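In: Starting from these lines, generate the structure:
(chains A and B)
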Amino acid sequence: MKDLGDIAHPPELSDGRIRLRRLQAADKAAVVKACNDGLIERFCFRVPYPYEESDFMDFLSYNEHFWTSELIANWTVVDAESDELLAMISLDVVALRQAGEIGYWCAPWARGKGVTSAAVRLVRDWAFDELELERLELTTDVDNYGSQRVAQAAGFRREGVMRGYLTARTRRADDVLFGMKHDDPREPVVTLPDPRLEDGRIVVRPFWSEDVPAVQAACDDPDVARWIYLVPSPYTLADAESFIADSWRCLVAGERARLAIADAGGEKLLGSVSLDLFPEREAGEMGYWIAREARRQGFALAAARLVVRWAFEAVGLGRLEILTYPGNAASQALAQQLGFRREGVLRGFLAVEPGKDRAGRVELPAGADSGAAPDSALPTRDDQVQFSLLRDDWAG
Amino acid sequence: MKDLKEIEEPPELSDGRLILRPYRPDDAPAVAAMCGDATALRWLPMPDPYTLSDAEEWIADAGRRWREDRFATWVAVDAGDGGLLGSTSVRIDAESEKGDIGYLVERSARRGGVAKGMVALVVGWCFDELGLGRLQIRCDPGNEASRRTILSCGFQVEGLLRSEIVIRGERTDSLVASLLPSDPRR
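Out: Numbering: from 1, shown residues only, chains lettered A, B, ... in the order given. Model prediction:
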C-alpha cells in the first residue's frame, strides 16, 4: 500500500461521461432533494431522514476533514458535461487491512443508467492502482437488489450474507458482503443483463417492494392459483413479500427473471412474466399471470414478446419453453400467437397441491361439463402441454 | 414422497445379475475408458476427450451431487465378477416429485440387456421406495439403442423436444418418454 500521507486530498476522477469531484456548497439543493427519497431512507441508514438543509451543511463541513482525519475519500458524482449531481460515493480506507470499503447512493433521477456502477469502477481503479490496496468490499442490504447489481457490474463477487449485520434506523438488517481482490478480473460478474424492457405501452421491470399490495391483490384470485403451480391460495401480503424477495434473490443469482409487467409509466402493476433459466442447455421456461382487471387487453402477449426478444438477443438462449395445464386454453393460444410449437403432453408432470381447486386443469372430453368433476375423480398428478420456440425459428 | 434428507446416499440395488452401487475412487480408470468411448461421447454431454482426471472429479463429486442437487449416480457391476458394465443416474425434482433417468453402457457389455436392467432397478427404487409420481428419460432421436431401452422398459414417448440440449456447443433434439406408477412395468 502507498503511503497515504502523500495524498493531501483525493483527486478528481472521470471516465468522460461522469466526473467524481469534491462536494461544493452549491450542491445543497440537489443533495437535499436526492436524500429525501424512499429508497435512500430505506437502504442508506447513515443518511439522515428527513434530510434538512442543516444536514447538508454539517456534511459539507465534515467532508473537508474526512480524508485527513479518517481516511475517508468522498466524491460527488456529476455529469461530466452539465455538472448535474447524479450520485455520491465514498471510499473508507482501513489501513490496518490494506483494504477499503465503498459506499454510495444514487439520486432518484439518475437511476437505471449505470451511473453508480461507473463511479464504483473509477473508485475501484484508483484504490487498487493508485493507493495499491489489496482488497475492496461493499455491503448492501439483502433486499437492495439495485445495489447488488451495481456491485456485480463493477466486478465484485458475492461472498456471503452477514445476518443481523447492522441496525438500519429501527430494524436489524441482514447484509450481503461483496468483495474484490486487487488481482481479480475487473469485468462485470455476469448474471443476467438488465431486465427493463419497454414497447411504449408497457414496461417489464424487476419487482419493487412498492408492488407488494398489488401482487397480493392480483394473486389472491382463483384463476391465478389454478393455473400457476405453487402459487398459494389464499394469497397473503406475506406471500407477496416473499415472492418479491425471492424474485430479487433469483435475479441476482442469475437463476430466474421474475418480472413485473407495468403500464408505460412503470407504476401500475398489470401482471408478471417470468423466465426460468437452464444454463447447461441454454434454454429457458416462460410463465406469466395477469391481474384480473388487466386481462383481455393483450398485456400478456406484449410482455411475452418483450421477454422472448430479451431471452434470445440479450440473454443468448437458443430455446424457450412454455408448459401449461391441458385445460388452460388461453395460455396455449398465447403460446401459439408467439410462434411456439406444441411438442407433446408430459404425463403427470406436476404433483397435485393439497387444498387447491383443480377444476378445469384437466382437459375434459368435448361436451363434458368442465369444472363439474369432483376432486376424487381427478388424476393424482397433473399433465403439462409442452411448447417450444427456437431462436433459429424466431421471426424477430 | 419420502423425505430425501433421510437418505444419506443412494443405496446399493441389485437384481441378482447386476449390482448398482455408489462410485468408488478405484473405479476411475474403468469409468474414464467407458466415458471416453466414441459412441458414449456422441450422445452425452461429457468432455471430449474424457480423461482420467475427468473421471476422478466426477467420482469425487458424487456425495455433493446427491446432497445438493438430488442427483443420484451409480455404477453397474456384474454381480458375479464385479466388472464394470455401465452407469446410471436419476435427477430428482423433489418439488414436483419426479425424476429424470440417464444411463450409459460399457462398450463390451452392449446388447446384453444391461441398460434395461439398470433402468428397472432405478424405476423400482424411485417408485417403490421414494414414492415419486413420474419418471422420464430423454434421448437423442437418432440413438437406436436408447430408444429400444426406453420402449422395452415400458416408457411412453411423449414428444420430440427440438434443440433441447447442448452437447459441446451443438444443439440437439431429445425424445422425451415417461413412466407413471400406474403404467404397466416390464
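In: Check which helix or strand residue 87 maps to.
Out: Just so you know, I chose chain A. Assigned by DSSP states H and E, A:Ala87 belongs to strand A:85-94.
In: wrong one, chain B
Out: Secondary structure from DSSP H and E places B:Ser87 in strand B:84-93.
In: Equivalent analysis for A:Ser274, please.
Out: According to DSSP H and E, A:Ser274 maps onto strand A:269-278.
In: Following element in sequence after that strand, please.
Out: Next along from strand A:269-278, by DSSP H and E: strand A:283-290.
In: ok, back up a step: which strands or helices does the strand holding A:Ala87 pack on?
Out: Secondary-structure packing of strand A:85-94 (3 or more CB pairs under 8 Å, 6 or more residues apart in numbering or on different chains; DSSP states H and E): helix A:28-35, strand A:72-79, strand A:99-106, helix A:115-125. (C-beta placed from N, C-alpha, C; glycine too.)
In: how about the residues of chain B that lie near chain A?
Out: When proximity is defined by CB under 8 Å from any CB of the partner chain, chain B lies next to chain A at B:45, B:95-98, B:133-134, B:136, B:156, B:158-166, B:171, B:176, B:178, B:180.
In: returning to what we had before: compare the helices and strands packed on strand A:85-94 and give me the one nearest chain B.
Out: Taking CB to the nearest CB, helix A:115-125 is the member of those nearest to chain B, at 30.5 Å.
In: how big is the angle separating the next helix or strand after the closest one from helix A:115-125?
Out: Once helix A:115-125 ends, the next helix or strand along the chain (criterion: DSSP H and E) is strand A:135-141. If you take axes from the mean of the first three to the mean of the last three CA atoms, to 10 degrees, strand A:135-141 sits at 150 degrees to helix A:115-125.
In: Got the phi and psi for B:Gly80?
Out: Backbone torsions for B:Gly80, taken as degrees, to the nearest 10, come to phi -80, psi -70.
In: Tell me how far it lies from B:Arg17.
Out: Plainly put, B:Gly80 is 8 Å away from B:Arg17 if you go by CB to CB, to the nearest Å.
In: go on, A:Lys113?
Out: Taking CB to CB, one finds A:Lys113 at 66 Å from B:Arg17.
In: and what of A:Trp126?
Out: Applying CB to CB, the value for A:Trp126 to B:Arg17 is 69 Å.
In: In terms of packing, which of these two has more residues around it?
Out: A:Trp126 (19 against 13; other CB atoms under 10 Å in any protein chain shown).
In: Starting from A:Phe66, give me the distance back to the more buried one.
Out: Remark: distance between A:Trp126 and A:Phe66 (CB to CB) = 15 Å.
In: List the neighbouring strands of the strand holding A:Ala87 plus their orientation.
Out: strand A:72-79 (antiparallel), strand A:99-106 (antiparallel) (DSSP bridges).
In: Counting by contacts, list what the helix or strand in which A:Met180 is found packs against.
Out: Here A:Met180, judged by DSSP H and E, is contained in strand A:171-181. Applying 3+ CB pairs under 8 Å, 6+ apart, we find strand A:171-181 packed against strand A:135-141, helix A:145-153, strand A:157-168.
In: chain center to the second one: distance?
Out: Spelled out, it's helix A:145-153. On the basis of CA atoms, centre = their mean, to the nearest Å, helix A:145-153 sits 8 Å off its chain's mean C-alpha point.
In: who in the stretch 251-396 of chain A is up against chain B?
Out: A:280-283, A:318-319, A:341, A:343-351, A:380-381, A:386, A:388, A:390, A:392.
In: what about stretch B:88-101, how long is it end to end?
Out: One end of stretch B:88-101 sits 7 Å from the other (CA to CA, to the nearest Å).
In: Can you give me the buried ones in that stretch?
Out: B:88-94, B:96-101 (16 or more other CB atoms under 10 Å in any protein chain shown).
In: What are the neighbouring residues in contact with residue 166?
Out: Went with chain A since none was named. With contacts taken as CB atoms under 8 Å, 6 or more residues apart in numbering or on different chains, A:Leu166 has the following neighbours: A:Phe45, A:Arg172, A:Ala173, A:Asp175.
In: my question was about chain B
Out: Counting by CB under 8 Å, 6+ apart, B:Val166 has contacts A:Glu280, A:Arg281, A:Glu282, A:Gly318, B:Pro45, B:Thr172.
In: A:Leu275 versus that one, what's the distance?
Out: According to CB to CB, B:Val166 and A:Leu275 sit 17 Å apart.
In: For the lengthiest helix in chain B, enumerate the helices and strands it packs against.
Out: Looking across chain B with DSSP state H, the single longest helix is helix B:114-124. Packing partners of helix B:114-124 (3+ CB pairs under 8 Å, 6+ apart): strand B:13-14, strand B:18-21, strand B:71-78, strand B:84-93, strand B:98-105, strand B:134-139, helix B:144-152.
In: how about the ones you listed in a markdown table, adding mean pLDDT?
Out: Below are the helices and strands packed on helix B:114-124 laid out as a markdown table (pLDDT from 0 to 100):
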| stretch | mean pLDDT |
| --- | --- |
| strand B:13-14 | 98 |
| strand B:18-21 | 98 |
| strand B:71-78 | 98 |
| strand B:84-93 | 98 |
| strand B:98-105 | 97 |
| strand B:134-139 | 97 |
| helix B:144-152 | 95 |
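In: where in the chain is pLDDT low?
Out: In the absence of a named chain, this looks at chain A. For chain A, the stretches with pLDDT under 70 are A:190, A:363-377.
In: How is it divided into domains?
Out: Annotated domains of chain A cover A:4-181, A:197-393 [automatic domain parsing].
In: Pipe those domains into a markdown table and attach distance to B:Val105 per row.
Out: Output for those, formatted as a markdown table (distance: least, CB to CB, whole Å):
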| stretch | distance to B:Val105 |
| --- | --- |
| domain A:4-181 | 41 |
| domain A:197-393 | 23 |
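In: looking at those, which is closest to B:Met34?
Out: When the domains of chain A are compared by CB to CB, domain A:197-393 sits nearest B:Met34, at 21.5 Å.
In: Next, the distance between the ends of the closest one.
Out: Domain A:197-393: ends 22 Å apart by CA to CA.
In: biggest strand in chain B, by residue count?
Out: Criterion DSSP state E: the longest strand present in chain B is strand B:156-167.
In: buried sites along that one?
Out: Across strand B:156-167, burial judged by 16+ other CB under 10 Å covers B:Val157, B:Glu158, B:Gly159, B:Leu161, B:Arg162, B:Ser163, B:Glu164, B:Ile165, B:Val166, B:Ile167.
In: ditto for stretch B:19-29
Out: Within stretch B:19-29, the residues scored as buried using 16+ other CB under 10 Å are B:Ile19, B:Leu20, B:Arg21, B:Pro22, B:Tyr23, B:Asp27, B:Ala28.
In: Greatest separation within the buried residues of stretch B:88-101: which pair is it?
Out: B:Thr88 and B:Ser96 (21.5 Å).
In: burial count for residue 85?
Out: I went with chain A, as the question did not name one. As a burial measure, A:Leu85 scores 23 neighbours (other CB under 10 Å).
In: actually chain B
Out: Residues near B:Leu85, counting by other CB under 10 Å: 26.
In: Write down the beta-bridge partners of A:Ile89, one by one.
Out: A:Trp75, A:Tyr104.
In: rewinding a little: between the strand holding A:Ser274 and strand B:156-167, how big is the angle?
Out: Interaxial angle, strand A:269-278 versus strand B:156-167 (the same axes, to 10 degrees): 80 degrees.
In: What are the contacting residues of strand A:269-278?
Out: Here strand A:269-278 makes contact (CB under 8 Å, 6+ apart) with A:192, A:202, A:204, A:207, A:211, A:214-215, A:218, A:254-263, A:283-291, A:294, A:299-300, A:303-304, A:306-307, A:310-311, A:315, A:317, A:320.
In: in its sheet, what does it sit against?
Out: So strand A:269-278, judged by DSSP bridges, has these partners: strand A:256-263 (antiparallel), strand A:283-290 (antiparallel).
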